[in-house]
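Q: Sequence and predicted structure, then a few things I'm wondering about:
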Amino acid sequence: MSFFNKVRRCICRRMLTLFLFLCVCAAGSGTRLFAQKLDLDYVQPFSLNPVNDGIQLGLGAVLSGSAFVCDKIIDFKKNEYNPEDWKKSDIASFDQIFMRPYSKPLHIVGTGTTALVLAAPAIFAIMPSSEWLTIGTMYAETLLLANGIKEWTKLLVYRARPYMYFDDYPEDKLEDGDWNCSFPSGHTTYAFAGAAFTTMVFCQCFPNSNWKYAVAGLSFGLAAITGGLRMASGNHFFTDVFIGAVIGTAVGFAVPYMHTKTFYGKFERKSKSGQAALTPAGFSFSYNF
């Protein structure tokens with residue numbers, strides 16, 4: 001497949017996910033009125049910092065951008081397919097249990113559940129509009145970092161997708177080089193990143209709300225369903241989904257945490273002060289750093 005066709009397919013997939021994401025965001029525009037009826041008590045636990053956010057946004061952009069260049073332009077990963085190199089007997093027994101042939105309908109449904117979880121932060125429209133920039137910046141950092149880590153792992157690890165071990169594998173996947181990008185699961189990474197971010201931010205902003213359990217359960221429930229669908233559609237092994245969930249969850253919790261007073265407090269220097277005193281033993285001077 002030509003370079004332009006590969007880029008076109010990649011853009012189409014990204015646009016489909018973005019379209020679903022925006023649809024759910026639009027549907028969630030009324031959540032602020034809903035929150036007013038629930039009388040949620042809001043606290044302000046997060047803040048932006050030029051240095052901190054510059055590092056996170058820069059790192060995420062570099063990881064995601066460099067991975068895209070290496071994958072789509074440089075062709076960093078070789079995609080020659082040799083059936084003899086991929087034997088089912090070489091796969092761990094627990095991964096063989098969940099192997100399935102390719103299913104396009106389940107693939108589409110899995111993409112839809114991923115978009116739903118990614119759109120979950122639309123619930124934060126219930127917050128004062130002055131907080132939207134902070135939440136949006138943190139979420140952008142979360143997605144960029146999760147995507148960058150996921151993409152570079154895919155580039156460095158060669159693993160054929162489960163459907164390649166069945167006779168009726170989709171040939172278009174072989175042509176566009178997506179067939180050996182099984183590890184880790186990108187959909188699962190995104191889903192758990194969105195779930196962890198939504199849960200962390202909601203629990204910090206509304207610590208006294210009983211709705212935090214419902215938010216966490218629904219977010220992670222949809223993320224888990226996404227992982228299950230990625231296996232059921234033949235796109236991923238169990239270990240692909242598990243590692244994707246670990247990456248997404250870690251980034252989804254870590255980024256908001258690195259915008260809290262607790263995190264910033266660890267880097268605040270104690271104020272410098274000096275103290276002089278006259279004692280029977282003579283003159284003493286102390287200085288605190």
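A: Cool, the structure landed. Numbers count the residues shown, from 1 in each chain.
Q: For N208, which three-state class applies?
A: coil (DSSP: H, G, I helix; E, B strand; the rest coil).
Q: Counting neighbours, what do you get for it?
A: Neighbourhood size, N208 [other Cβ atoms under 10 Å]: 8. In short, each C-beta sits where N, CA and C put it, glycine included.
Q: do the same with S64
A: Neighbour tally, S64, other Cβ under 10 Å: 20.
Q: what about it, which helix or strand?
A: helix 50-68 (DSSP states H and E).
Q: What of A140?
A: With DSSP H and E as the test, A140 turns up in helix 132-156.
Q: Tell me what angle that helix forms with helix 50-68.
A: Helix 132-156 runs at 40 degrees relative to helix 50-68, counting by axes from the mean of the first three to the mean of the last three Cα atoms, to 10 degrees.
Q: May I have stretch 62-79 as PDB, with CA atoms only?
A: Taking Å, rounded to 0.1, in the frame of the first residue of the first chain, the C-alpha atoms of stretch 62-79 are listed here in PDB:
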ATOM      1  CA  VAL A  62       7.500  14.800  21.300                       C
ATOM      2  CA  LEU A  63       6.600  11.200  22.000                       C
ATOM      3  CA  SER A  64       3.400  11.200  19.900                       C
ATOM      4  CA  GLY A  65       4.900  13.300  17.100                       C
ATOM      5  CA  SER A  66       8.100  11.300  16.800                       C
ATOM      6  CA  ALA A  67       6.200   8.000  16.800                       C
ATOM      7  CA  PHE A  68       4.000   9.200  14.000                       C
ATOM      8  CA  VAL A  69       7.000  10.300  11.900                       C
ATOM      9  CA  CYS A  70       8.800   7.000  12.500                       C
ATOM     10  CA  ASP A  71       5.700   4.900  11.700                       C
ATOM     11  CA  LYS A  72       4.100   6.800   8.800                       C
ATOM     12  CA  ILE A  73       7.000   8.500   7.100                       C
ATOM     13  CA  ILE A  74      10.300   6.700   7.900                       C
ATOM     14  CA  ASP A  75       8.700   3.200   8.000                       C
ATOM     15  CA  PHE A  76      10.700   2.400  11.200                       C
ATOM     16  CA  LYS A  77       8.900  -0.900  11.700                       C
ATOM     17  CA  LYS A  78       9.300  -3.600   9.100                       C
ATOM     18  CA  ASN A  79       6.100  -5.300   8.000                       C
END
